[in-house]
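[1] What follows is a predicted structure for the sequence shown.
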Amino acid sequence: MKRICPSKKIMSKLGKTNAEFGLIEEGDKILVGLSGGKDSLTMIHAMKEQQHRAPFKFEFIAVTVGYGMGENFDNLAKHCKEYDIPYIVHDTKIYDLAEEKIRKNSSFCSFFSRMRRGTLYGIAEEQGCNKLALGHHMDDAAESFFMNFIYNGQMRSLAPKYRAENGLIIIRPLIQMRERQLSAFVLDNDIAAIGDEACPAMRFDVKMPHARANMKEMLSKMEKEFPSLFTSLNAAFKNISVDSFFDKEKFNI
Ligand SMILES: Nc1ncnc2c1ncn2[C@@H]1O[C@H](COP(=O)(O)OP(=O)(O)OP(=O)(O)O)[C@@H](O)[C@H]1O
């Protein structure tokens, strides 16, 4: 059976994040969201390698949620077969539903993301999985943090692990990795990752959201000026002084 081992850096970040936040544990059955992009592709290979190395046993199944717009996931299925990774495709009618919703002027990306999330929760239950792994990384966490901060007046990011309302545990094994490490993995191993062309927004005449792109650009400028920006952000996300903010509740002392 073919096997690709991600870099030492990726495997060591995965192991550390796992130990720090208790992401993957003995006996887990994990549903892994595989969009076919570079992040989730790296995630399945890193998890496969971890399965070989870790002293604890766990299972995982990769799943791609189709939007019902005639996508073809044969290449992904072939890839998973080659590397002995259990894989399912779950098609939906999200695209048709979106056509109605978009006329009502709802936010395009958040609609797809919400529907996809609900679908993934359902599949996890169907497959008897206790966890769902998503391929978000440190750049996603930083962009989300600044997006919430600047556009929504909120201090929030992407947690490495949390329990959804239905009890399912969501984990983000790549959350402390940089996006460029994941891009390098697919490039170095000649893996054909799906890019933005898979984004359903491309099929609709909707303006692409600029908020995330703006944050990406801002962070890239900041990182040029402060090269340790992401290391500091990672540390800051673990070192929060809740008491130093303007929480009215705190004044009821
Ligand atoms: N169609 C899908 N089917 C299953 N899981 C998905 C799908 N789209 C996204 N996900 C999961 O949600 C995570 C975050 O999604 P997001 O859209 O931010 O990532 P992406 O840029 O599409 O792809 P990737 O993270 O694989 O590069 C993905 O890493 C993946 O784990």
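    Everything's here; your move. The structure presented is a predicted model; accordingly, all values stated were derived computationally and were not measured. Residues are numbered from 1 along each chain as shown.
[2] Determine the set of other helices and strands touching the helix or strand containing residue 97.
    Assigned by DSSP states H and E, residue 97 belongs to helix 94-103. Helix 94-103 is packed against helix 108-126, with contacts defined by 3 or more C-beta pairs under 8 Å, 6 or more residues apart in numbering; DSSP states H and E. Where you see a C-beta, it was placed from the backbone N, CA and C, and this is true even at glycine.
[3] Can you check what angle separates the helix it packs on from helix 94-103?
    Between helix 108-126 and helix 94-103, the angle comes out at 140 degrees (axes from the mean of the first three to the mean of the last three C-alpha atoms, to 10 degrees).
[4] quick one: contacts of helix 108-126?
    With C-beta atoms under 8 Å, 6 or more residues apart in numbering as the test, helix 108-126 has contacts from 31, 33, 63, 65, 67, 88, 90, 92, 94, 97-98, 101-102, 129-132, 164, 166, 168, 200-201, 204, 206, 209.
[5] Give me the buried entries from those residues.
    31, 33, 63, 65, 67, 88, 92, 94, 98, 102, 129-132, 168, 200-201 (16 or more other C-beta atoms under 10 Å).
[6] and the ligand, which of those reach it?
    33, 63, 65 (C-beta under 6 Å from any ligand atom).
[7] residue contacts, the second one?
    With contacts defined as C-beta under 8 Å, 6+ apart, residue 63 is in contact with 31, 32, 33, 34, 87, 88, 89, 90, 120, 123.
[8] For the ligand, state which of those is nearest.
    Comparing the contacts of residue 63 against the ligand with C-beta to the nearest ligand atom places residue 33 closest, at 2.8 Å.
[9] Could I get the pLDDT score of that closest one?
    Note on residue 33: pLDDT of 98.
[10] Next: residue 87.
    For residue 87, pLDDT reads 98.
[11] Quick check: beta-bridge partners of it?
    Note on residue 87: beta-bridge partners by DSSP bridges are residue 62.
[12] Tell me the residues of the stretch 51-200 of the chain that contact the ligand?
    63, 64, 65, 116, 134, 135, 136.
[13] so where is the chain shaky, pLDDT-wise?
    102-106, 196-198, 201-209, 253 (pLDDT under 70).
[14] That one: strands as residue ranges?
    29-33, 59-66, 87-91, 131-133, 161-163, 169-171 (DSSP state E).
[15] Residue 20 is nearest to which of the ones you listed?
    strand 161-163 (9.7 Å; C-beta to C-beta).
[16] Now do the closest one: which elements does it pack against?
    Using 3+ C-beta pairs under 8 Å, 6+ apart, strand 161-163 is in contact with strand 169-171.
[17] Name the member of the residues of the stretch 51-200 of the chain next to the ligand with the shortest distance to the ligand.
    Among those, and counting by C-beta to the nearest ligand atom, the member closest to the ligand is residue 135, at 2.6 Å.
[18] does residue 83 really touch residue 48, like I thought?
    Yes: between residue 83 and residue 48 there is a contact under C-beta atoms under 8 Å: 6.4 Å.
[19] In terms of neighbours, single out the busier of the two.
    Per other C-beta atoms under 10 Å, whichever of residue 83 and residue 48 has more neighbours is residue 48, with 20 against 16.
[20] ok, residue 214 - contacts?
    Here residue 214 is in contact with no residue (C-beta under 8 Å, 6+ apart).
[21] how near is it to residue 143?
    According to C-beta to C-beta, to the nearest Å, residue 214 and residue 143 sit 9 Å apart.
[22] quick one on the thing from earlier: overlap in contacts of residue 83 and residue 48?
    Common neighbours of residue 83 and residue 48 (C-beta under 8 Å, 6+ apart) are residue 3.
[23] just the helices in the stretch 151-253 of the chain please.
    Ranges of helices within the stretch 151-253 of the chain are 179-188, 211-225, 229-236, based on DSSP state H, counting those that start in this stretch.
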